[in-house]
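**Q** Structure here, sequence nowhere to be found:
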């Protein structure tokens, strides 16, 4: 192996371009400039010039009066760069032969070949696959729900193949319409093979084309075209799963193909796919549409377990986001999840749905953990089950180290998921690791700068770090993106209050109270602003009202840093005990 920094320039530059095109760096212009500048300086033999002052001027456009002792921007961004490179080599770049590293305390990167452990040579890495969203070739533009749904169903089937790691849907769909280079997409997702294809529906005829591509060299490992009646869609899914398992020489797990089928009713199946399509939009309107379509699927086939699970999840998330009061949907959401489990006890998604209902809707914490653990036992590669276990069971119980570990596993399965990136950040936030939380929220925003939950979360972190103006900006961005959602307004009101702007805070509090006369607004949100204004009695009164309504934000009361100022109050302690069931 060549010594450090004696690698030829061209392989290093080629590797640098792969890093810059990865998900973590593609939209982070500041870190891209930092990395490019320092790498080129080392290649050109000017490593000794990489001092904090020079980088501040050349990369961050500081003037000659710049003093690194006063403004530590280079040190802060260097920490971010090290963390982002570490993450890249854990995911997309883990098989890359070259490593670019920044030793601690230095700004000159070193280049080396990746070390290969003897153990990994003796035991080949298990194959990993990403299923890119199948292209919609149908004459009807609104048929995209079907091509997306077919992709997601294939992913779900492949997670049950033993010995195969499968990238989850939310990460794959981040590359929808962007993956012109399939091998580059595969490297970005950290997999060895990619499945791509297209779907064309014309009347009752269906044409599905699928290709399995090696990421290493772009070679086609398998390709097939299916032209069948629409009623054969389930058989096509099974045949594709079987072909992939045979090609990769892994074994089909129980239920991976030819096992228990969710429904044989095509009308119910189409309605279910429409529900899943709207669910994946992750908007209030989308969730309401999902509830409608999952309900219609159930009406067509009352024994369709996945539709009941989808209905429960949609209702649950509407409550979590404050769009519906818990009392309006709690019974329906729990009943739907129970029905899903009764219809198909082997369906991991059904147990995860029941775990979610038992936790933040019913506050039956022991039962919730049992359901999440059962879901993971049934399908250890189901990212949503690990996410639910972490954020809806472990985090509310204060078991934050365990929650972070489950989120790490979920992120390995779904590395580009906005929801999972954001929830991972929230787990760090609850554990008071604010620097890690901020970095993780920024990763989510690099994937999608319009993701309102990441802005909201970043606002909470900024408050804890004393960066009030940044917090206000983050909450106001979240409010703009959601059309003024109560949780965003509450965050902005709290930030204004803590920033010495009580008039703006009271105005937002009055806005929330006026909205509560027209529709549902959680008392929890008003309590936040009262807390910022120093009105502890009013804040505790709002929390008591929220408890009477079994409002979902109270599930995280024991770990929410915003309530640290009143954590020692006996009334607050009693409230936490009641939520925990003690």
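**A** Looks like it arrived, so ask away. The structure displayed is predicted, hence computed values, not measured ones.
**Q** From residue 465, how far off is residue 397?
**A** Here the criterion is CB to CB, to the nearest Å. By it, residue 397 lies 26 Å from residue 465. Yep, even glycine has a C-beta here, placed from its N, CA and C like the rest.
**Q** Between the two, which is the more surrounded one?
**A** Set side by side, residue 397 and residue 465 show more neighbours around residue 397, with 17 against 14, by other CB atoms under 10 Å.
**Q** Show me what whichever strand or helix holds residue 353 is packed up against.
**A** Remark: residue 353 resides in helix 348-356, with elements defined by DSSP states H and E. Applying 3 or more CB pairs under 8 Å, 6 or more residues apart in numbering; DSSP states H and E, one finds that helix 348-356 makes contact with helix 305-320, helix 326-343, helix 365-378, helix 383-389.
**Q** can I get these in a markdown table with distance to residue 514 and mean pLDDT?
**A** Written out in a markdown table, the entries for the helices and strands packed on helix 348-356 read as follows (distance: least, CB to CB, whole Å; pLDDT from 0 to 100):
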| stretch | distance to residue 514 | mean pLDDT |
| --- | --- | --- |
| helix 305-320 | 22 | 92 |
| helix 326-343 | 21 | 93 |
| helix 365-378 | 35 | 96 |
| helix 383-389 | 35 | 95 |
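**Q** Residue 578: which of these is closest?
**A** Of all the helices and strands packed on helix 348-356, the one in closest proximity to residue 578, counting by CB to CB, is helix 365-378 (12.5 Å).
**Q** same for that closest one, what does it pack against?
**A** The elements that helix 365-378 packs onto, with contact taken as 3+ CB pairs under 8 Å, 6+ apart, are helix 348-356, helix 383-389.
**Q** Taking their axis directions, it and helix 326-343 sit at what angle?
**A** Calculated by axes from the mean of the first three to the mean of the last three CA atoms, to 10 degrees, helix 365-378 forms an angle of 40 degrees with helix 326-343.
**Q** For helix 365-378, which outside residues touch it?
**A** Identification of contacts with helix 365-378 by CB atoms under 8 Å, 6 or more residues apart in numbering yields 341, 346-352, 354-356, 358-359, 362, 382, 385-386, 388-389, 392-394, 396-397, 580-581.
**Q** any idea how far residue 228 lies from residue 201?
**A** Look at residue 228 and residue 201: by CB to CB, they are 11 Å apart.
**Q** To clarify, my last question referred to residue 491.
**A** Applying CB to CB to residue 491 and residue 201 gives a distance of 44 Å.
**Q** Between the two, tell me which one has more neighbours.
**A** Each of residue 491 and residue 201 had its neighbours counted (other CB under 10 Å), and the higher figure belongs to residue 491 (30 against 20).
**Q** List the buried residues in the host helix or strand of residue 412.
**A** Taking DSSP H and E as the criterion, the element that holds residue 412 is helix 400-413. Of the residues in helix 400-413, those buried by neighbour count under the rule 16 or more other CB atoms under 10 Å are 400, 402, 403, 404, 406, 407, 409, 410, 411, 412, 413.
**Q** following it, which helix or strand comes up?
**A** Counting by DSSP H and E, the element after helix 400-413 in chain order, helix or strand, is helix 418-430.
**Q** Tell me what angle that following helix forms with helix 305-320.
**A** Here helix 418-430 runs at an angle of 50 degrees relative to helix 305-320 (the same axes, to 10 degrees).
**Q** tell me the phi and psi of residue 129?
**A** Phi and psi for residue 129, reported as degrees, to the nearest 10, are phi -130, psi 140.
**Q** residues contacting it?
**A** Residue 129 makes contacts with 158, 164, 165, 166, 167, 191, 192, 193, 194, 195, 244, 248, as judged by CB under 8 Å, 6+ apart.
**Q** before we move on, what about residue 80?
**A** When contacts are counted by CB under 8 Å, 6+ apart, residue 80 is found next to 31, 439, 442.
**Q** could you flag which of these are buried?
**A** Under a neighbour-count criterion of 16+ other CB under 10 Å, the subset of those counted as buried comprises 31, 439, 442.
**Q** Could you say which helix or strand holds the first one?
**A** According to DSSP H and E, residue 31 maps onto helix 29-43.
**Q** helices or strands next to that helix in the packing?
**A** With contacts defined as 3+ CB pairs under 8 Å, 6+ apart, helix 29-43 has these neighbours: helix 9-20, helix 52-58, helix 73-90.
**Q** Any chance of the ones you listed in CSV with mean pLDDT and distance to residue 224 as columns?
**A** Compiled in CSV, the helices and strands packed on helix 29-43 are given as follows (pLDDT from 0 to 100; distance: least, CB to CB, whole Å):
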stretch, mean pLDDT, distance to residue 224
helix 9-20, 83, 30
helix 52-58, 92, 52
helix 73-90, 90, 33
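**Q** ok, back up a step: just the mean pLDDT for the helix holding residue 412, thanks.
**A** Confidence over helix 400-413, taken as the mean pLDDT, stands at 89.
**Q** Repeat that for stretch 92-101.
**A** 84.
**Q** Show me the contact partners of that stretch.
**A** With contacts defined as CB under 8 Å, 6+ apart, stretch 92-101 is touched by 7, 11-12, 15-16, 18-19, 22-24, 35, 39, 85, 89, 109-114, 187-190, 192, 415.
**Q** residue ranges of the helices in the stretch 151-300 of the chain, please?
**A** In the stretch 151-300 of the chain, helices defined by DSSP state H, counting those that start in this stretch lie at 169-172, 182-189, 233-248, 266-279, 284-300, listed in chain order.
**Q** Tabulate these (JSON lines), appending mean pLDDT.
**A** Conversion of those to JSON lines gives the following (pLDDT from 0 to 100):
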{"stretch": "helix 169-172", "mean pLDDT": "78"}
{"stretch": "helix 182-189", "mean pLDDT": "81"}
{"stretch": "helix 233-248", "mean pLDDT": "80"}
{"stretch": "helix 266-279", "mean pLDDT": "90"}
{"stretch": "helix 284-300", "mean pLDDT": "93"}
